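K.L.:
I'd like to go over a predicted model; first the sequence, then the structure.
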Amino acid sequence: MHIESIRLVGSGGHALVVLDSLAALGVPTEAIAVFDQNDARVGHQIGEHKVQAFDPANFSGRAVHICIGDNKARERVSSEIAKLGCNLQTIIHPRAIVSARAVIGEGTFVAAGAIVSAQAVTGKSCIINHASVVDHECILSDFVHIAPGATLGGAVSVGHRSLIGAGANILPRVAIAPDVTIGAGAVLIKNVTESAVYVGVPAKKV
Ligand SMILES: CC(=O)SCCNC(=O)CCNC(=O)[C@H](O)C(C)(C)COP(=O)(O)OP(=O)(O)OC[C@H]1O[C@@H](n2cnc3c(N)ncnc32)[C@H](O)[C@@H]1OP(=O)(O)O
């Protein structure tokens, strides 16, 4: 993957991970600029970058990646960015394993050690975090986050903005509604149709 230059929006912990991936991809520091809409973060240092104030005038036609872990916030910023005519840049760490027969949506981030298997499809601006597994034929909607170490069996579907917590396991063919949170370490064995939080083994609504 070749990235000529890129603007990142968001400067929290997830941005550190994205910067690490850009370094691993060989993107030079000077080709990267980091912005934040939160005034309290402007002027702070993140890695080798000083965080700049988000100014829409600077964004038109640029490659942009939204580095915000929270799914709702990432969706909100993403729709603002889209109106500015930016390209949402997909970033795949060189040590992620992505099947040639998987489809990765625009603006999605795939972290080191993640596996996206054959005929899996991710939506727009998803996060497939460290060492997670999105197995064959999974379908992720837009703004989904698969947290570190979570495993989705074959043909799982995950609705808009849902979070699969760290180390959770989703059994094959299970369907997850939009705006669901699956707690860290949960094992989800059947479909969930209600937007709610589910925890435990087997996972139950809380
Ligand atoms: C790189 C990164 O860091 S990516 C970030 C990835 N993030 C995650 O994986 C976080 C996932 N989030 C969780 O697991 C959270 O604990 C949630 C969303 C399930 C619940 O969070 P909250 O709504 O704040 O709930 P809260 O902490 O008040 O707990 C509510 C109850 O659920 C229990 N509970 C919370 N999380 C879990 C869990 N993962 N498994 C089992 N029980 C849990 C609590 O013990 C508590 O039980 P109680 O009422 O009997 O005391």
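P.N.:
Structure's in. What do you need?
K.L.:
any idea of the pLDDT on T29?
P.N.:
Taken from the predicted model, the pLDDT recorded for T29 is 96.
K.L.:
count the neighbours of it for me.
P.N.:
11 (other CB atoms under 10 Å). Glycine gets a C-beta too; all of them are placed from N, C-alpha and C.
K.L.:
make residue 1 into 18 and carry on from there
P.N.:
Got it, first residue is 18 now, which makes that one T46.
K.L.:
got any ranges where this structure has weak pLDDT?
P.N.:
In the predicted model of the chain, no residue satisfies pLDDT under 70.
K.L.:
domain map for it?
P.N.:
Each domain of the chain is listed here as a residue range: 23-105, 108-213, per automatic domain parsing.
K.L.:
run through the residues that contact S212.
P.N.:
A194, P195, D196, V197 (CB atoms under 8 Å, 6 or more residues apart in numbering).
K.L.:
ok, and the most crowded of those residues?
P.N.:
Comparing those on neighbour count, V197 comes out first with 23 neighbours (neighbours: other CB under 10 Å).
K.L.:
mind checking the domains of the chain for the one nearest to the ligand?
P.N.:
Distances from the ligand to each of the domains of the chain were compared using CB to the nearest ligand atom; the shortest belongs to domain 108-213, at 3.0 Å.
K.L.:
gap between that closest one and the chain center?
P.N.:
Distance of domain 108-213 from its chain centroid, counting by CA atoms, centre = their mean, to the nearest Å, is 9 Å.
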